[in-house]
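> what's the 3D shape of this:
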Amino acid sequence: MAGLAGVRFGSALSAHRQGRQQRDAWVTCYPSVERLGRGLTALVEVDCRAGYVMDAASRLAAQPWVASVEIVAGGTDLVLTVAALGPAEPARCVLRHIATVRGVRSTRTSLVERTLREGSRWRDGALDPEQRRALAATVGDRPGAAPPSRSPADWGTDLAIAQALGADGRMPLAELAHRTGLPPTSLRRRLSRLCADGRLVLRCDVSPHLNGHPLGTMLWLDVPGAELPQVVPTLAELPQLRMCAVTLGNANLVAYVVTHHPSGHRRFEQELAARFPGIRLLSRQLVVGRTKLVGHLLDGDGRAAGYVPIAPADRPQGVSPQERRRLP
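You can find the predicted model right below:
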């Protein structure tokens, strides 16, 4: 990596250590719902009463089934990324937990049908095109066909590996083996397969202090059904997109756009409208902060401040077994 970036190995190592010590950079790991073939993701918009936004954001960030918490301005106050095992679980989480958090006024839920682009594929422009091509050559091609379905036991083991590596994606193999209870040799083979076929995703996240305080905006779009097959592949490859997903909800496409200047967002929307005039912009939300990013709790400066292992919701929250049997 040092050679690709055009710096000395010692300088790169020193910068990496400094970033970790100051909690400005961290490597995380999480399971790919689509590649694992189990579970789903929901985006939940949360409206709060005045003065309760940060308290609600902190309380919700403590939940293992809430992977990320975005603080936004425009139309709502919070956007949660919720992990679940089945389509009924997000609604149960919303009705029985999120809606009962002090200060929460209302919610809106959208299920993610298909993720077109996610954070590990976003690049902030630190590398030039030649460097990016060289880096892509070292890590190989993207995952191909989806791997075969896994048994519940295998899925549980894969999740345990992801949860352990989520705290530190550079965890030594011996420590990972100790935490998961798997023999180091078989763990090495299993981990290689999981990463190679995309079931586990490794990525490096950084605080705003290192990437120049980029501006993030979530766009909720309505694309005519007949145009969706043409829009999806084009939109997913645009460099400004950190995340893009086909959703079931008021909007059928959600895009997270990142630029380094407000004018960049305006140009993006103008180009999108010119290229696909049938698209309607339903809502625009400026991301003004985060309290959690893929399991990692963040402080007020966007630095890593803790970790909550991601655990998909698979049961009603705060409900007795007797009551659970009466639920739909």
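> is Leu111 in a bridge, and if so with what?
Ala42, Leu248 (DSSP bridges).
> How many residues are close by it?
Leu111: 18 surrounding residues under other C-beta atoms under 10 Å. (C-beta placed from N, C-alpha, C; glycine too.)
> what does the one 4 residues further on give?
Taking other C-beta under 10 Å as the criterion, the count of residues near Thr115 is 17.
> and if you look at Gly166?
Using other C-beta under 10 Å: Gly166 sits among 24 other residues.
> For the residue nearest in space to the middle of the chain, give me its contacts.
What sits nearest the mean C-alpha location of the chain, by C-alpha atoms, centre = their mean, is Val294, with 5.3 Å. Under the criterion of C-beta atoms under 8 Å, 6 or more residues apart in numbering, the neighbours of Val294 are Thr28, Tyr30, Ala67, Ser68, Gly119, Gly166, Arg203, Asp205, Ile310.
> now it: how far from Gly166?
Remark: distance between Val294 and Gly166 (C-beta to C-beta, to the nearest Å) = 7 Å.
> Show me the strands in the stretch 51-200 of the chain, by range?
66-73, 78-84, 104-117, 200-206 (DSSP state E, counting those that start in this stretch).
> Going by contacts, tell me the helices and strands next to the last one.
The contact analysis (3 or more C-beta pairs under 8 Å, 6 or more residues apart in numbering; DSSP states H and E) places strand 200-206 against strand 25-31, helix 152-167, helix 184-196.
> nearest to Arg290, of these?
Checking these against Arg290 by C-beta to C-beta gives strand 25-31 as the closest, at 13.5 Å.
> List the neighbouring strands of that closest one plus their orientation.
When DSSP bridges is applied, strand 25-31 pairs with strand 200-206 (antiparallel).
> roughly how far apart are Ser207 and His213?
Taking C-beta to C-beta, one finds Ser207 at 10 Å from His213.
> Who has more neighbours out of the two?
More neighbours surround Ser207 than the other of Ser207 and His213, with 20 against 10 (other C-beta under 10 Å).
> so what's that one scoring on pLDDT?
pLDDT recorded at Ser207 is 90.
> For it, which residues are in contact?
Arg23, Asp24, Ala25, Leu298, Asp301, Gly302, Arg303, Ala304.
> what residue ranges in the stretch 201-328 of the chain are flagged as low confidence?
Along the stretch 201-328 of the chain, segments meeting pLDDT under 70 span 315-328.
> Strands of that one, start to end?
215-222, 241-248, 253-259, 280-293, 296-298, 304-307.
> May I see these organised as CSV, with mean neighbour count and distance to Asp154 added?
Output for the strands of the stretch 201-328 of the chain, formatted as CSV (neighbours: other C-beta atoms under 10 Å; distance: least, C-beta to C-beta, whole Å):
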stretch, mean neighbour count, distance to Asp154
strand 215-222, 20, 34
strand 241-248, 20, 26
strand 253-259, 22, 31
strand 280-293, 18, 28
strand 296-298, 21, 26
strand 304-307, 16, 24
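> pLDDT below threshold where in the stretch 1-150 of the chain?
1-22, 119-150.
> can you do 90?
Scanning the stretch 1-150 of the chain for pLDDT under 90 picks out 1-25, 31-39, 75, 86-87, 115-150.
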